[in-house]
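Chemist: Have a look; sequence and predicted model below, questions after that.
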Amino acid sequence: MRRTVHPIETESYRIMRSRADFDRFEPLTRAVVERVVHTTADPSWTGEVVADEAALRQGRDALLAGAPLITDVRMAASGITAREVRVGLDFPGVADAAASEELTRSAAGMRLAAAEHPRGAVWAIGNAPTALTELLRLAENGELEPALIVGVPVGFVGAVDSKAALRRSGLPAVSTLTERGGAAIAAAAINALLYWAEPGGNR
Ligand SMILES: C/C1=C2N=C(/C=C3N=C(/C(C)=C4\N[C@@](C)([C@@H]5N=C1[C@](C)(CCC(=O)O)[C@H]5CC(=O)O)[C@@](C)(CC(=O)O)[C@@H]4CCC(=O)O)[C@@](C)(CC(=O)O)[C@@H]\3CCC(=O)O)C(C)(C)[C@@H]/2CCC(=O)O
């Protein structure tokens, strides 16, 4: 995708690259890590993001081919402006499913979304650990085959465990190592894949 980059963003990347070394990362991983550091203005994220280059390429190919892109919460979707996004919380019947099955609404949204998009979608989980855990349960049951899961829920309850389970699952994934994550991080990772243009990287 070709986009117009604001001069402030160009200057931000210049400063960021003078503060941290991104050369060790493979191209798409670098694009994701850089976008996250740019979003947070915090170079310590270079040691936080765990990504697999082949998984990122598969996710990017899927996005460019028009695969569904589904986030857990609206905040993550709001940060992705370059293409259509569906939000788990907005699937019809979420509140009822959450109440009747004793799930969070975030997890119920994933269950309903996966029933509609069982194969080939890209999933971006920025907020709710229970949403990521539900995706893993569905994949384990053979009910979900994602092209990529950007699994970066944030918080002190369940976030670390759900992300560790994502890494153990062998599913194509991006995650973070600690409690850190959030809707802005999920959006940044997806935007990095959407903006990236071969062969020179995303800028
Ligand atoms: C336990 C939950 C957590 N939420 C966190 C942080 C933030 N959440 C915001 C908002 C506005 C929303 N969070 C919900 C997803 C809501 N948050 C939860 C749940 C209770 C359970 C999720 C889980 O444990 O997996 C969840 C409700 C649910 O039934 O799923 C939200 C849907 C609540 C609502 O408005 O009804 C809502 C999402 C709105 C949207 O669509 O965008 C915050 C903005 C709150 C704030 O700080 O004011 C914030 C955003 C953080 C971010 O960057 O993404 C935690 C800390 C992640 C926490 C989970 C872990 C923990 O340690 O508690």
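Modeler: Structure's in. What do you need?

Chemist: Which helix or strand contains the one residue in the chain that gets nearest to the ligand?
Modeler: Closest residue of the chain to the ligand, Cβ to the nearest ligand atom: Gly155 (2.3 Å). Heads up, the C-betas are built off the backbone N, CA and C, glycines and all. According to DSSP states H and E, Gly155 maps onto no helix or strand at all.

Chemist: and the helix or strand bottoming out on mean pLDDT in the chain, how far from the chain's centre?
Modeler: Scoring the helices and strands of the chain by mean pLDDT, DSSP states H and E places helix 7-19 at the bottom, with a mean of 95. On the basis of Cα atoms, centre = their mean, to the nearest Å, helix 7-19 sits 23 Å off its chain's mean C-alpha point.

Chemist: Which secondary structure elements does that helix sit against?
Modeler: If contacts are counted by 3 or more Cβ pairs under 8 Å, 6 or more residues apart in numbering; DSSP states H and E, helix 7-19 sits against helix 27-40.

Chemist: Which secondary structure elements does the helix it packs on sit against?
Modeler: Using 3+ Cβ pairs under 8 Å, 6+ apart, helix 27-40 sits against helix 7-19, strand 49-51, helix 53-64, helix 183-195.

Chemist: Extract the residue ranges of the protein that are flagged as low pLDDT.
Modeler: Scanning the chain for pLDDT under 70 picks out 1-2, 198-203.

Chemist: where does this structure come near the ligand, residue by residue?
Modeler: 73-75, 89, 104-106, 126-131, 154-159, 182-184 (Cβ under 6 Å from any ligand atom).

Chemist: Please pick the buried ones from these.
Modeler: Among the residues of the chain next to the ligand, those classed as buried by 16 or more other Cβ atoms under 10 Å are 73, 75, 89, 104-106, 126-131, 154, 158-159, 182-184.

Chemist: Just the ones of the residues you listed in helices?
Modeler: 75, 105-106, 129-131, 159, 183-184 (DSSP state H).

Chemist: beta partners of the spatially most central residue of the chain?
Modeler: Centroid-nearest residue in the chain: Val150, 2.8 Å away (criterion: Cα atoms, centre = their mean). Beta bridges link Val150 to Ala124, Val174, judged by DSSP bridges.

Chemist: That one contacts Ala188, doesn't it?
Modeler: No: contact criterion Cβ atoms under 8 Å: Val150 and Ala188 do not qualify, at 9.4 Å.

Chemist: residue at max distance from the center of the chain?
Modeler: Most remote from the centre of the chain, using Cα atoms, centre = their mean: Ser100, at 28.2 Å.
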